[in-house]
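**Q** Got a predicted structure plus its sequence, pasted below:
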Amino acid sequence: MRLVIRFLRPYWALFIITTILMFADVIGALVIPTFAAELLNESANGMSFDAMTVTAVKMGVAALLSGAAAVAGGWCCSQLTSKVGKDMRVALYRKSLDLSIYDFRNFGTASITTRTINDVVNIQMAMTNVMGVLLPVPVIFAIALALSFRLDLTMSLWLLAAIAFVSVVAWFIMRTASPLFRRLQKLLDRIGAVLLENLTGVRVIRAFGKERHEQERMDATFADYAITSIKANRLFANLDGLSYFGMNAFIVVVYALAGGRIHAGGFQIGDITAIVEYAIMALFYLMMAQMVIMTLPRALECCDRVRLVLDHDPQIADPEPGKAVDMTARGPLDDGEVLAFRDVTFRFADAQEDALRHVTFTCRRGQTTAIIGGTGSGKSTIATLALRLHDATWGSVRLDGVDVKDMTQHDLRERIAYVQQQAWLFSGTIADNLRYGDREAGEKALWRAVEIAQADEFVDSLADGLDSRVAQGGTNFSGGQKQRLSIARALVGDSQLIIFDDSFSALDFRTDAALRRALDENMGDKAVLIIAQRVSTIQHADQIVVLADGEVAGIGRHDELMAGCPVYREIVESQTREPQMGEEA
């Protein structure tokens, strides 16, 4: 509830106007039966046509005002819930941008998507129902009972009995419904996760012929959701049936009691019509309120899920306001240092062993530093620490002599260009993707980056060149083309450090060599950090850092390491000699 109030605050005036209009609609609807009763009584008592006309006009005006209030209230309510929903989604999206990799793993990508879309929709629907149905209920009860007691005490007591019966039924059903709706939300998360897994891994599923297995897994997930939904819908059906029974039973009692009294002359036909109308309206709103109340546990669960994301403290956070180092006032260090690891040790939160131990090295301006090592040696972890996607457990990672924890993440990543192993392109055009590196980059700068990345030939062959469309994820390009476009995107900006995280693996040897030559010729005083598995990619680097089991096994140039680093020599030999029978290639 506090979450909804937080997002309602900017629109408090609209909320008050909507509430007033909703109440006006209800009051007008309750006044109409009173005028109808007067009209019937006047007709039965032989009143003049003029007197009946006045009452009819009053009734028409009340109906007109009530209808106008209903339309205006519905419009205002729609505006209010849409604005609140938009603000919630914006807040969730912005929060997701602040979450670390570990935070995303904790929540789950599918779960965050469900919370941003489905959960917010449920909250919006609950707000609409609460304002349109639940809030007016006390007013309806108060006015309906007051008008009813004004006409007849006995029948009003029967109306109270009917209301009490339906309320007790709703209370018992609600107790059963709450856990069902919580389970439905968890099952929706599960469906989202399985669907995302299947759609992104469809090639692997088909390659291994596991379509039937995955279909059975999806069927089981959908079946769980369907069974739980059926149980919830049965509760709604029971509530409907029992509520209508209570309402109709009351009407039967009213007509049975009133019949004799009208015959004896102690009751007027207009009064019985009014009491029945009051009862129908009060019980109808009560039934609707019960339906709303039954959905509230689901909406409250959605509020909790959204709040958990919004109130979560990211594992990676900027320094407190005013305490971050102003990087714009700092010039380059005299010794050329750009990135430095100082005795860095790192362990993942859910791991039992360190991924890196006491790693120390420096990347300098105008030099290429390479990281090489076997699988699981911690190469890619170097890149995530440099970008501060993780924080070092011990030691420090420094950029321009400043600990990355002492600068804002925006300042840090503005100075680093990163190309990951799994290339990812966004839907749009090639130019749109390249401008992720620099929004203001002109066409000349884009083509220069494309040429250095060895992508100019295939981009130029496209009918629309840089304006060619890119499908989501770049699925309309080959792996090598996507990789080269990702490299070009990193080269568009004016970053002082460029990190290639095994980014040349999808390139053939000829393109790899041409790209490295182009980088050597065009990088100027930028620092380059290449993380690779192929020795041919990094053997000409100014400095090679060899990792083994998370530790630095050697640092130096290719010739120096061949002479003095057994780990590096073993890597080189494993890639140059022919694999023997029984060995991995």
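**A** Arrived safely. Numbering: from 1, shown residues only.

**Q** which ones are touching residue 89?
**A** 116-117, 120 (Cβ atoms under 8 Å, 6 or more residues apart in numbering). The C-beta positions use only the backbone N, C-alpha and C, and glycine is treated the same way.

**Q** hmm, try it at 6 Å
**A** 116, 120 (Cβ atoms under 6 Å, 6 or more residues apart in numbering).

**Q** Can you name the helix or strand that it falls in?
**A** Applying DSSP states H and E as the criterion places residue 89 in helix 49-98.

**Q** show me where the stretch 401-550 of the chain has strands.
**A** With DSSP state E, counting those that start in this stretch, the ranges of strands along the stretch 401-550 of the chain come out as 402-403, 416-419, 428-429, 469-470, 497-501, 527-532, 543-548.

**Q** And the contacts of the fourth one?
**A** Put plainly, it is strand 469-470. For strand 469-470, contacts defined as Cβ under 6 Å, 6+ apart pick out 425, 428, 433.

**Q** and the closest residue to the first one other than its chain neighbours, how many residues sit next to it?
**A** Closest residue to residue 425 apart from its sequence neighbours, by Cβ to Cβ, 6 or more residues apart in numbering: residue 474 at 3.2 Å. The local packing count at residue 474 equals 21, with neighbours defined by other Cβ atoms under 10 Å.

**Q** I figured residue 474 hits residue 482, correct?
**A** Yes - using Cβ atoms under 6 Å as the test, residue 474 is close enough to residue 482 to be in contact (4.3 Å).

**Q** When you filter the contacts of strand 469-470 down to buried only, what's left?
**A** With burial judged by 16 or more other Cβ atoms under 10 Å, the buried subset of the contacts of strand 469-470 is 425, 433.

**Q** Dump the contacts of strand 469-470 to JSON lines, plus pLDDT and distance to residue 391.
**A** Rendered in JSON lines, the data for these read as follows (pLDDT from 0 to 100; distance: Cβ to Cβ, whole Å):
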{"residue": "425", "pLDDT": "89", "distance to residue 391": "29"}
{"residue": "428", "pLDDT": "91", "distance to residue 391": "33"}
{"residue": "433", "pLDDT": "91", "distance to residue 391": "29"}
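
**Q** For the contacts of strand 469-470, give me JSON lines that also has distance to residue 313.
**A** Listed next are the contacts of strand 469-470 as JSON lines, based on distance: Cβ to Cβ, whole Å:
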{"residue": "425", "distance to residue 313": "32"}
{"residue": "428", "distance to residue 313": "33"}
{"residue": "433", "distance to residue 313": "33"}
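
**Q** Wait, a strand at residue 242?
**A** No - per DSSP: H, G, I helix; E, B strand; the rest coil, residue 242 lies outside any strand segment and is helix.

**Q** contacting residues around stretch 393-409?
**A** 318, 324-325, 327, 330, 333, 339-347, 385, 388, 412.

**Q** From the residues you listed, which land in strands?
**A** 339-346 (DSSP state E).

**Q** Spit out the contact partners of the residue nearest the centre of the chain.
**A** The centroid of the chain falls nearest to residue 116 when counting by Cα atoms, centre = their mean (3.2 Å). By Cβ under 6 Å, 6+ apart, the contact set of residue 116 is 89, 92.

**Q** Please tell me how far it sits from residue 25.
**A** Relative to residue 25, residue 116 is positioned 33 Å away (Cβ to Cβ, to the nearest Å).

**Q** now residue 247
**A** Distance, residue 247 to residue 25, by Cβ to Cβ: 21 Å.

**Q** how about the strands in the stretch 201-350 of the chain?
**A** Under DSSP E, counting those that start in this stretch, the stretch 201-350 of the chain gives strands at 337-346.

**Q** Show me what residue 429 is bridged to.
**A** residue 469 (DSSP bridges).

**Q** doesn't residue 471 make contact with it?
**A** No - the criterion here is Cβ under 6 Å, and residue 429 misses it with residue 471 at 11.2 Å.

**Q** Could you list the low-confidence segments of the chain?
**A** Within the chain, the ranges that satisfy pLDDT under 70 run 37-38, 40-49, 174, 178, 258-268, 294, 577-585.

**Q** Just the element for the residue nearest to residue 225 when sequence neighbours are not counted, please.
**A** Leaving aside its sequence neighbours, residue 225 sits nearest to residue 187 (Cβ to Cβ, 6+ apart; 4.4 Å). Element membership of residue 187, judged by DSSP H and E, is helix 153-200.

**Q** Which one's more surrounded, residue 429 and residue 471?
**A** With neighbours defined as other Cβ under 10 Å, residue 429 and residue 471 compare such that residue 429 has more, 16 against 12.

**Q** Give me the three-state assignment for residue 361.
**A** strand.

**Q** is it true that the residue nearest to residue 225 touches residue 226?
**A** No - counting by Cβ under 6 Å, residue 187 does not reach residue 226; the two are 9.4 Å apart.

**Q** Which of these two has more residues huddled nearby?
**A** Taking other Cβ under 10 Å, residue 187 and residue 226 do not tie; residue 187 has more neighbours (18 against 12).

**Q** Can you show me the helices along the stretch 201-350 of the chain?
**A** Secondary structure of the stretch 201-350 of the chain (DSSP state H, counting those that start in this stretch): helices located at 202-207, 211-263, 269-310.
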